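Chemist: Give me a model of this one.
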Amino acid sequence: QVQLVESGGGLVQPGGSLRLSCAASGSIFALNTMAWYRHHPGKQRELVATIASRGSTNYADFVQGRFAISRDNAKKMVYLQMNSLKPEDTAAYFCSAEIRITALSGNVAYWGQGTQVTVSS
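Modeler: Numbering: from 1, shown residues only. This is a model prediction of the structure:
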């Protein structure tokens, strides 16, 4: 059974920083594109950043150079370094990964349970 577990959320003041982590575990043949999403209550989930297996990255426009996604393939981890946080960054942050569980299977999207980030003074 594949699991994604996020950590690192919490309460931070505006202008502060947080580093989110996501650990993938279980029967994983290949860990492909990984991503961070966020969800504000009452709004649709939105993509924050993606990172491909070889490290190429993409960011949502609202990141504006404040966030950095990275991964450690050996540890099956993905990270989101968030700097210059704003109150509007308050949301539940979710990790997602496209995973092949065998050499013959296709990619399946897995999700973590989320970690809450609250930016407030």
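
Chemist: where does the residue located most distally from the centre of the chain land on pLDDT?
Modeler: Using Cα atoms, centre = their mean, the residue of the chain lying farthest from its centre is Leu104. It sits 26.4 Å away. The model reports Leu104 with a pLDDT of 92.

Chemist: change the start of the numbering to 26 and stick with it
Modeler: I'll keep to 26 as the first residue from here, and by that count the last item is Leu129.

Chemist: SS state for it?
Modeler: What DSSP: H, G, I helix; E, B strand; the rest coil gives for Leu129 is coil.

Chemist: Against Ser42, how distant is it?
Modeler: According to Cβ to Cβ, to the nearest Å, Leu129 stands 42 Å off from Ser42. Every residue, glycine included, has its C-beta placed from N, CA and C.

Chemist: mind checking which helix or strand the residue nearest in space to the middle of the chain is in?
Modeler: Nearest to the mean C-alpha position of the chain, by Cα atoms, centre = their mean, lies Trp61 at 2.7 Å. Taking DSSP states H and E as the criterion, Trp61 maps to strand 55-64.

Chemist: I'd like to check what contacts that strand. Which residues are they?
Modeler: 45, 47, 49, 70-78, 94, 96, 98, 101, 103, 105, 114, 116-125, 132, 139, 142 (Cβ atoms under 8 Å, 6 or more residues apart in numbering).

Chemist: What's opposite the residue nearest to the centre of the chain in the beta bridge?
Modeler: Beta bridges link Trp61 to Ala74, Cys120, judged by DSSP bridges.

Chemist: Any regions of this protein where pLDDT drops low?
Modeler: Across the chain, nothing is flagged by pLDDT under 70.

Chemist: show me where it has strands.
Modeler: In the chain, strands defined by DSSP state E lie at 28-32, 35-37, 43-50, 55-64, 71-76, 82-84, 92-97, 102-107, 116-125, 133-136, 140-144, listed in chain order.
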